[in-house]
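Novice: Pasting a predicted model and its sequence here:
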Amino acid sequence: ETPHHMAAKTDASAQPVHLLTSRPRTDILVPPLNFGMVAPGVYRSGYPNTKNFPFLKQLGIKTIIYLSAEPLSGPYEEFVVAGSIRLIRYNTFGNLEPFVEMGADVLNSALREITDTANHPLLIHCDKGNHRTGCVVGCLRKLQRWSIASITNEYGLFTGTNPRVLDLLVIELFDTRAAAAAHRTMPAWLLAS
C-alpha cells in the first residue's frame with residue numbers, strides 16, 4: 001500500500017482509519033499571526049491572509065480596526081465586503097523615533113470604538129500585530145487600570161526581542177481621560193476595572 005492509503009485497524013471487523021490522505025484538510029482553522037483575545041469580544045492579530053478567513057468568520061467578526069496606511073489586499077477587501085464587516089481604518093505608522101508617533105487622537109478614537117460593544121466581536125490589527133496593535137492594546141490596558149509593569153509584560157509577549165521604547169513611552173504617557181467617554185454599550189470588562 002502507498003502512504004496515502006495507509007490505515008490502522010483495531011480489530012478484524014473495524015473499518016480502516018486513514019492516517020494520511022492526499023486531500024487537503026478543510027476542517028482546520030488557522031488564526032492570524034500574533035492572534036490573541038484581548039477581552040471578551042475583542043481580539044488582536046497581525047494582517048490576516050486567506051488561510052485565516054474561515055477562523056475569523058467562525059468568530060463572527062463584526063468590526064475590524066486596521067492600523068496601517070497600506071491598502072487592503074484584494075482578497076482581504078473581498079472578505080470584509082462579503083462578510084458585511086465594518087472596517088475602521090487609521091492611516092497610521094508605528095512609533096518611530098524621533099518624529100513619528102501614533103497621535104492621541106488616533107488612540108482615543110480607536111479606544112472609543114473598541115470599548116463600544118455594538119462593534120463586537122472586533123479585531124484590532126496592523127501588519128505583524130505587535131507594535132501598533134500593541135500600543136493600542138497597551139492604552140486599553142491603561143484604561144483598564146493595569147500596572148505599567150503588566151502592560152509592558154503583555155506588550156513584550158507580542159514583540160519578543162524587538163520592542164520599541166517609543167511605544168512604551170506613548171503608552172505610559174497616554175492620558176486616559178479623553179478615552180474614558182462612556183457609551184450606552186460599555187463592556188462589563190471595562191466597567192469592572
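Specialist: Sure thing, it's come through.
Novice: my guess is Val170 meets Val106, correct?
Specialist: No. Val170 is beyond contact range of Val106, at 10.4 Å (criterion: C-beta atoms under 8 Å). All C-beta atoms are positioned from the backbone trio N, CA, C, and that covers glycine.
Novice: the more surrounded of these two?
Specialist: Val170 (20 against 17; other C-beta atoms under 10 Å).
Novice: Name the residues of stretch 121-128 that come out as buried.
Specialist: By neighbour count on 16 or more other C-beta atoms under 10 Å, the buried set for stretch 121-128 is 122-128.
Novice: Dump it to CSV, restricted to CA.
Specialist: C-alpha atoms of stretch 121-128 as CSV (Å, rounded to 0.1, in the frame of the first residue of the first chain):
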residue,chain,number,x,y,z
PRO,A,121,-16.8,40.9,18.1
LEU,A,122,-14.0,43.2,17.0
LEU,A,123,-10.5,42.6,15.6
ILE,A,124,-7.6,45.0,16.0
HIS,A,125,-4.7,44.5,13.7
CYS,A,126,-1.7,46.1,11.9
ASP,A,127,0.8,44.3,9.8
LYS,A,128,2.5,41.9,12.3
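Novice: need the contact list for the residue nearest the centre of the chain.
Specialist: With distances taken as C-alpha atoms, centre = their mean, Arg44 lies nearest the centre of the chain, 1.6 Å away. With contacts defined as C-beta atoms under 8 Å, 6 or more residues apart in numbering, Arg44 is in contact with 34-38, 123-125, 129, 133, 137, 158.
Novice: For my notes, confirm it occurs in a strand.
Specialist: Yes. Counting by DSSP: H, G, I helix; E, B strand; the rest coil, Arg44 falls inside a strand.
Novice: For stretch 74-92, which residues meet the burial criterion?
Specialist: 76, 79-80, 85, 88, 90, 92.
Novice: Could you dump those into JSON lines with secondary structure added?
Specialist: Listed next are the buried residues of stretch 74-92 as JSON lines, based on three-state DSSP:
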{"residue": "Tyr76", "secondary structure": "helix"}
{"residue": "Phe79", "secondary structure": "helix"}
{"residue": "Val80", "secondary structure": "helix"}
{"residue": "Ile85", "secondary structure": "coil"}
{"residue": "Ile88", "secondary structure": "strand"}
{"residue": "Tyr90", "secondary structure": "strand"}
{"residue": "Thr92", "secondary structure": "coil"}
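Novice: who touches the helix or strand containing Val38?
Specialist: In this structure, Val38 sits in strand 36-39 according to DSSP states H and E. For strand 36-39, the external contacting residues (C-beta under 8 Å, 6+ apart) are 43-45, 124, 137, 140, 158, 187, 189-190.
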